[in-house]
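> 3D model of this:
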Amino acid sequence: MHDTAYEITSTARRSDDTTTYLMETTGPVMLPSEIPPGVQMVTLPGGIRTLAYTQPPAPAAPPVPVVQPIPAWAKTTALLTPTIGGGIAAAGIGLSYAAPGLIAMSQALWSAVALIAAAAVGVPVLLRLGRAATGTSTGTTHITQNITASGMFGKANGTINHH
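Have a look, this model is predicted:
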């Protein structure tokens with residue numbers, strides 16, 4: 001049952017400096033169920049088998065954790081994060097430097113809008129006043145077109161009449 005041989009590194013000595021060995025008995029003295037924990041059958045250097053306390057086995061080394069690969073999406077996100085943050089920071093700095101110019105441009109654009117609105121109202125009024133002052137008649141010219149074609153891809157002929 002217990003055939004494991006252990007190396008004995010030291011032996012007990014009596015006061016008269018002779019090595020002490022336990023003598024082998026002819027029969028079992030204890031039942032295997034009566035053996036306390038930590039006691040095993042060992043073979044001494046002289047070949048004698050006896051029960052002895054043995055050192056507990058060295059604890060097993062903790063399992064080495066397996067390195068998991070980093071997912072591709074995490075690598076991409078980690079690489080893009082400083083780029084996006086740097087771009088946002090650069091845009092903020094650029095806007096802070098451009099703010100006075102943007103304010104001036106917005107005022108210039110409002111001035112341009114006001115000029116276009118005044119021109120849209122003022123030009124027709126000036127044209128009517130100019131015609132009335134020169135006495136030009138306000139009659140209209142009518143143009144009539146007559147176009148004929150033969151077939152789907154035939155040549156078209158037409159006349160223009162001024163009235």
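> in the chain, which ranges drop under the pLDDT threshold?
When the per-residue scores of the chain are filtered using pLDDT under 70, the ranges that remain are 1-29, 57, 135-139, 163.
> What are the boundaries of the strands in it?
In the chain, strands defined by DSSP state E lie at 39-43, 49-53, 143-149, 156-162, listed in chain order.
> out of the ones you listed, deepest packed?
Burial among those, expressed as mean neighbours by mean count of other CB atoms under 10 Å, is greatest for strand 39-43, which shows a mean of 16. To be clear about C-beta, it is placed using only N, CA and C from the backbone, and glycine gets the same treatment.
> Just the angle for it relative to strand 49-53, thanks.
Angle of strand 39-43 versus strand 49-53, following axes from the mean of the first three to the mean of the last three CA atoms, to 10 degrees, is 140 degrees.
> Sheet-wise, list the partners of strand 39-43 with their directions.
Applying DSSP bridges, strand 39-43 is found paired with strand 49-53 (antiparallel).
> starting at the chain centroid, how far to the strand it pairs with?
Average the C-alpha atoms of strand 49-53, do the same for its chain, and the two points are 63 Å apart (CA atoms, centre = their mean, to the nearest Å).
> cool, stretch 94-106 as well?
Between the mean C-alpha point of stretch 94-106 and the mean C-alpha point of its chain there is a distance of 35 Å (CA atoms, centre = their mean).
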